[in-house]
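Asker: What would the 3D arrangement of this be:
(2 chains)
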Amino acid sequence: MSLSGVQNITVPSFEPTLRRLDEDGIRWDVRQAIAHGFSATLLALNAGLAPAEMQRFVEVAVEEASDALQIGIEMPIDSFATARDVLTAADRAGATHAVLGVPQGWQPAGEDEIVAAYTELADASPLRLVLPVGQVGFPEHIGGGVPWGAWTRLAELDVVRGVHVTSWMPQILFAALQMFHGRLEIGIGTPALLGAMPLLAREYGVRWLSAAQWEMWQSPDEPYIVRFLEHTVAGRKQEALDIHWRLAPARGIAHGAGLLDSELDGMPHWPLAKYVSWSVGGNGGVTREPALHVRPHQLHSRQAMLRAIGIEPRTDEDEFLVGRVADGG
Amino acid sequence: MHVPRAELKAWAREHFVGAENIVMPSFTPDLRSLDEAGIRLDVRQSIRHGVFSLFCAIETGLSHDEKKRFLEIAVDEAGGRVCVGFPLQGDSVAENLELVQHADAIGASHAMVSYPQNLRLTDEDALVRYHEQIIEASDLAIVLFHNDKFGLHHLHPSGLPVGVYDRIAERDTVVAVKVSVMDLATLDLCFERYAGTMLVSTPTVLQLPLAMTHYDMQWTGAWTIEAFQTPEQPLIIELLDALRAGRRGQALGIFARLGPLFGAFGPRLARMMPSGTYHWTFFKYLQYLSGGNGGVTRAPAMRLTRGDMAEIRGAFEACGLQPADGSDEQFAAGRSSGRSEAVVG
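Answerer: Coordinates of the predicted model:
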């Protein structure tokens, strides 16, 4: 396993009734991630799947990826018990790593409780683990929502390999660099910090864009983010910046339209993620309730942001609603 | 203050160290006149906070004469103890030229370039001419200002008017540039391109650790420093000292302590920053909490509710900061209400 390159997020596809996984749709999206040039994709397990479905989602994705793409998973957040079972199964299936999450309703009193809970999880499965740095559900009274002390202790475990920075705040990134540079692979998992990548690559050796919906900014034919990272890591700063600023109009539209509001109070906007993916060739299809809804202006803005960077979007929204595979490919 | 033009860049290198705070005008309760006592209180308060400069926000509903008078009061009260600057945010180019000359005559230290709403920002030549008019109009030190709200992406993909700055950065009175952007690549571009000819700064507090660790950055401003500290608990001043000295752990500790205020500010700033203007009453309330005069500002203005005040006050206290005496009910009129001398009717 190598925590480097660009890691996308893959949201599960469902049959049109939403009762069962659409395995062909999942395979489509895995092939799509490969076509984008991503090094890995993180499977969104917390998208309304039963534990057995989570395991099947992983098996299908790993099989389709073969050696062309690493498959990571987000930790199931229904409970630590489910997380243990799924991580163990995912490791057996061939997944490469898991990003830790915070179980619903869990309110750890302090850092010791956090260390104990995740150490137990690490002991249960040999799957490599990545620590999230951002607002992922920890209480505010613990490090402002980031359990820095616990993460520092967990970084000592052999299976803990990376840090996934999701916060847009540069001082949080700075804190992560101070604590983990040289110890763990540091990934930038938010487009808000892309502008810092030349500095981060030069000063800290950062070479990983960790799990985010990087499809937002590219297509298989115009893999801007993948090329941006390649230039950055190779020290070709000007070439990287040319791409970065090429994307500026898209950033403006995305911000203005709320396309970067990827969650609401901790609930990910999976249908919007599916739409974003579909608009550049992904399978599409909606997700099970409860789900946030895609607003009409977001559809139009998504199309506008792609056109602003020279990508022609898919626009047949009937196809999106059921997914490309279900619609006949 | 008078520094020969040829010495201004060196003067700035020596004096622009630390933080520059914003001072907003105070008004009499009927908002018809400037409240001189309130303004003087806020100037003294800024000095108590430990800043090197105070920055008079003239774009707060003042007439042209009131802008000039506001500056006169601030310069007089500062008495040479700190720098006094202001934004060239008059309503026309002619007004800005008059302001910069007036400020030079009364002893202000610097002016920050902004663009009148009616100035067309279409091409580099026009912008260079505008800047040169300002540079030639007085011997005042000039701070350039880049903000995404100016919408200059047609001049450079970063939005930074590189072709303009390249032609004026070495002018003798151009001492610094304030880069107010969220894109760290644009900030990086500015440091790499101009750090040798002028003092580059970000006013975004969250960017300070990266900027002060990896670039030659010695000042930050102008922003409402008072929002995050009190004169007795000067956390931002301590933060800047720590970053300059490489005490990164201490700096991160201060950031952690200020978390509740960042949490309370974030959504408000996110709405405000792209708008092109500021929530002056919000900032006045922040200053009031740490002992400033307070008082609302003239229309057009955004409103601050009791709920907003309660949330901000709670965040202030959650950071371990001790609010000054004075209730939220008393804020609207300001501390000096009833004791002030109206200076411009």
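Asker: Could you report the neighbour count for the closest residue to residue B:154 other than its chain neighbours?
Answerer: Nearest non-adjacent residue to residue B:154, counting by Cβ to Cβ, 6 or more residues apart in numbering or on different chains: residue B:122, 7.8 Å away. Glycine gets a C-beta too; all of them are placed from N, C-alpha and C. Residue B:122 has 10 neighbouring residues, counting by other Cβ atoms under 10 Å in any protein chain shown.
Asker: Which strand or helix spans residue B:22?
Answerer: Secondary structure assignment for residue B:22, by DSSP states H and E: strand B:18-23.
Asker: List the neighbouring strands of that strand plus their orientation.
Answerer: If you go by DSSP bridges, strand B:18-23 pairs up with strand B:53-56 (parallel), strand B:219-223 (parallel).
Asker: picking that back up, name the element the residue nearest to residue B:154 belongs to?
Answerer: In the assignment (DSSP H and E), residue B:122 maps to no helix and no strand.
Asker: That one and chain A: what is the separation?
Answerer: In this view, residue B:122 and chain A are 18 Å apart by Cβ to the nearest Cβ, to the nearest Å.
Asker: before we move on, what about residue B:281?
Answerer: From residue B:281 across to chain A, the span is 25 Å (Cβ to the nearest Cβ).
Asker: What is the neighbour count of that residue?
Answerer: Using other Cβ under 10 Å, the number of residues around residue B:281 comes to 21.
Asker: okay, the closest residue in space to it that isn't next to it in sequence: pLDDT?
Answerer: Counting by Cβ to Cβ, 6+ apart, residue B:304 is the residue found nearest to residue B:281 once chain neighbours are left out, at 4.6 Å. We have a pLDDT of 91 for residue B:304.
Asker: check contacts around residue B:304.
Answerer: For residue B:304, the contact set (Cβ atoms under 8 Å, 6 or more residues apart in numbering or on different chains) comprises B:279, B:281, B:282, B:285, B:296.
Asker: give me that answer again for 6 Å
Answerer: Counting by Cβ atoms under 6 Å, 6 or more residues apart in numbering or on different chains, residue B:304 makes contact with B:281, B:282, B:285.
Asker: now do residue B:91
Answerer: Residues counted as contacts of residue B:91 (Cβ under 6 Å, 6+ apart) are residue B:116.
Asker: Dihedrals phi and psi, it?
Answerer: phi -90, psi 0 (degrees, to the nearest 10).
Asker: now swap in residue A:131 and tell me
Answerer: According to degrees, to the nearest 10, residue A:131 has phi -90, psi 120.
Asker: Next, count neighbours for it.
Answerer: Counted with other Cβ under 10 Å, residues neighbouring residue A:131 total 24.
Asker: ok, how many other residues are close to the residue in the stretch 51-200 of chain A positioned nearest to chain B?
Answerer: Residue nearest to chain B within the stretch 51-200 of chain A: residue A:195 (3.2 Å; Cβ to the nearest Cβ). When counting by other Cβ under 10 Å, one arrives at 24 neighbours for residue A:195.
Asker: That one against residue B:184, yeah?
Answerer: Yes. The pair residue A:195 / residue B:184 is scored as a contact, 3.8 Å apart, by Cβ atoms under 6 Å.
Asker: Tell me which helix or strand the residue nearest to residue B:281 sits in.
Answerer: Residue B:304 is part of no helix or strand when elements are defined by DSSP H and E.
Asker: Got phi/psi on it?
Answerer: phi -120, psi 120.
Asker: Residue A:6 is in what secondary structure piece?
Answerer: Applying DSSP H and E as the criterion places residue A:6 in strand A:5-10.
Asker: That strand pairs with which strands, parallel or anti?
Answerer: Partners of strand A:5-10, by DSSP bridges, with direction: strand A:40-43 (parallel), strand A:208-209 (parallel).
Asker: For the contacts of residue B:304, give me TSV that also has pLDDT.
Answerer: Shown next, in TSV, are those (pLDDT from 0 to 100):
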residue	pLDDT
B:281	93
B:282	93
B:285	96
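Asker: Looking at those, which are in strands?
Answerer: Among the contacts of residue B:304, no member falls in strands (criterion: DSSP state E).
Asker: hey, where'd the strands end up in the stretch 1-150 of chain A?
Answerer: Counting by DSSP state E, counting those that start in this stretch, the stretch 1-150 of chain A has strands at residues A:5-10, A:40-43, A:70-74, A:97-99, A:128-133.
Asker: Could you do chain B as well?
Answerer: Secondary structure of chain B by DSSP E: the strands cover B:18-23, B:53-56, B:83-88, B:110-113, B:141-147, B:174-180, B:199-201, B:219-223.
Asker: residues making contact with the second one?
Answerer: Contacts to strand B:53-56, defined as Cβ under 6 Å, 6+ apart, come from residues B:20-23, B:46, B:70-71, B:74, B:82-86, B:222.
Asker: for the third one, same thing?
Answerer: Residues lying outside strand B:83-88 but in contact with it, judged by Cβ under 6 Å, 6+ apart, are B:53-56, B:58, B:71, B:74-75, B:78, B:96, B:108-114.
Asker: and if we set it to 8 Å?
Answerer: The contact list for strand B:83-88, computed with Cβ under 8 Å, 6+ apart, reads B:1, B:15-16, B:20, B:52-59, B:71, B:74-75, B:78, B:96, B:99-100, B:103, B:107-114, B:134, B:143, B:145, B:222.
Asker: ok, now the fifth one?
Answerer: Strand B:141-147 is contacted by residues B:3, B:8, B:11-12, B:85, B:87, B:109-114, B:131, B:134-135, B:152, B:159-161, B:165, B:168-169, B:171, B:173-181, B:186, B:190, B:198 when judged by Cβ under 8 Å, 6+ apart.
Asker: CA atoms only: put it into PDB for me.
Answerer: Extracted C-alpha coordinates of strand B:141-147, given in PDB (Å, rounded to 0.1, in the frame of the first residue of the first chain):
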ATOM      1  CA  ALA B 141       3.700  55.600   2.600                       C
ATOM      2  CA  ILE B 142       1.500  53.400   0.400                       C
ATOM      3  CA  VAL B 143       0.200  49.900   1.100                       C
ATOM      4  CA  LEU B 144      -1.100  48.000  -1.800                       C
ATOM      5  CA  PHE B 145      -4.200  45.900  -1.300                       C
ATOM      6  CA  HIS B 146      -5.300  42.800  -3.100                       C
ATOM      7  CA  ASN B 147      -8.600  41.200  -2.400                       C
END
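Asker: picking that back up, of the strands of the stretch 1-150 of chain A, give the one that comes closest to residue A:307.
Answerer: In terms of Cβ to Cβ, the element of the strands of the stretch 1-150 of chain A nearest to residue A:307 is strand A:5-10, at 21.5 Å.
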